[in-house]
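Visitor: Below are the sequence and a predicted model; questions follow.
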Amino acid sequence: MQENTINKNNFSAKEIKNKFDLITSENGKNWLLALNWILVLEFFSSFIEYQFLDVAKGYVEYIPNGIFKELLIAILIVLFIWYSIYNFIFMQKQKFFTFTLYISICIYLLSTSDLSFNLLLHNLNIFEVTLGGFGFYMISQLLLKFIIFYLIYKMLIAFRNRNKID
């Protein structure tokens with residue numbers, strides 16, 4: 001009886017890993033999908049760092065208020081609406097990757113006002129974790145860094161196998 005419970009738990013862990021691999025890199029076959037997930041998770045990680053650590057605000061070069069900021073926001077909104085309509089009409093997989101990256105960039109820019117992407121570039125280093133004490137931030141950053149490290153591994157496998165698939 002106990003062996004059946006252990007086998008069910010192992011099966012579900014394998015099943016979860018297989019589903020995760022399928023969603024994030026098509027089991028190591030699509031490097032562009034893995035890269036897309038890496039960038040989206042890095043944007044999310046940078047957003048969390050910006051919200052919870054004052055150190056992160058030192059990396060941000062804020063957009064000064066003025067006509068440039070208003071024009072940038074207007075252009076982003078117009079491009080977002082146009083690209084959203086275009087994507088929903090001609091739903092293609094490669095276009096969806098670009099669409100999710102665009103949404104991530106817009107959310108990042110609106111939440112952090114970091115036009116130079118310094119915080120994102122600082123956060124792309126998977127071996128650097130700024131710990132602000134034990135809590136939500138540390139657990140979420142360690143989890144995100146582990147997932148991103150695994151996705152980089154899957155992306156490299158998919159990139160290496162791209163010629164074998166075609």
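Guide: Nice, thanks for sending it over. Residues are numbered from 1 along each chain as shown.

Visitor: which regions of the protein lie under the pLDDT threshold?
Guide: Counting by pLDDT under 70, the chain contains low-confidence ranges at 1-11, 91-95, 129-134, 163-166.

Visitor: got the buried residues for the longest helix along it?
Guide: Once the chain is assigned using DSSP state H, the helix that runs over the most residues is helix 136-165. For helix 136-165, a neighbour-count test (16 or more other C-beta atoms under 10 Å) marks Y137, Q141, L144, K145, I147, I148, Y150, L151, K154, M155, I157, A158 as buried. For every residue, glycine as well, the C-beta is placed using N, CA and C.

Visitor: Could you report the distance from the fifth one to V40?
Guide: To V40, I147 is 11 Å away according to C-beta to C-beta, to the nearest Å.

Visitor: tell me, what's touching these two both at once?
Guide: Common contacts of I147 and V40 (C-beta atoms under 8 Å, 6 or more residues apart in numbering): none found.

Visitor: can you give me the helices for the chain?
Guide: 2-25, 31-52, 67-89, 93-112, 118-123, 136-165.

Visitor: out of the ones you listed, which comes closest to E61?
Guide: helix 118-123 (6.1 Å; C-beta to C-beta).

Visitor: tell me which residues in that closest one are buried?
Guide: N118, L119, L120, H122, N123.

Visitor: can you check stretch 19-39 too?
Guide: Quick answer for stretch 19-39 (16+ other C-beta under 10 Å): 21, 24-26, 28-39.

Visitor: Roughly how far does F52 sit from V60?
Guide: Distance, F52 to V60, by C-beta to C-beta: 14 Å.
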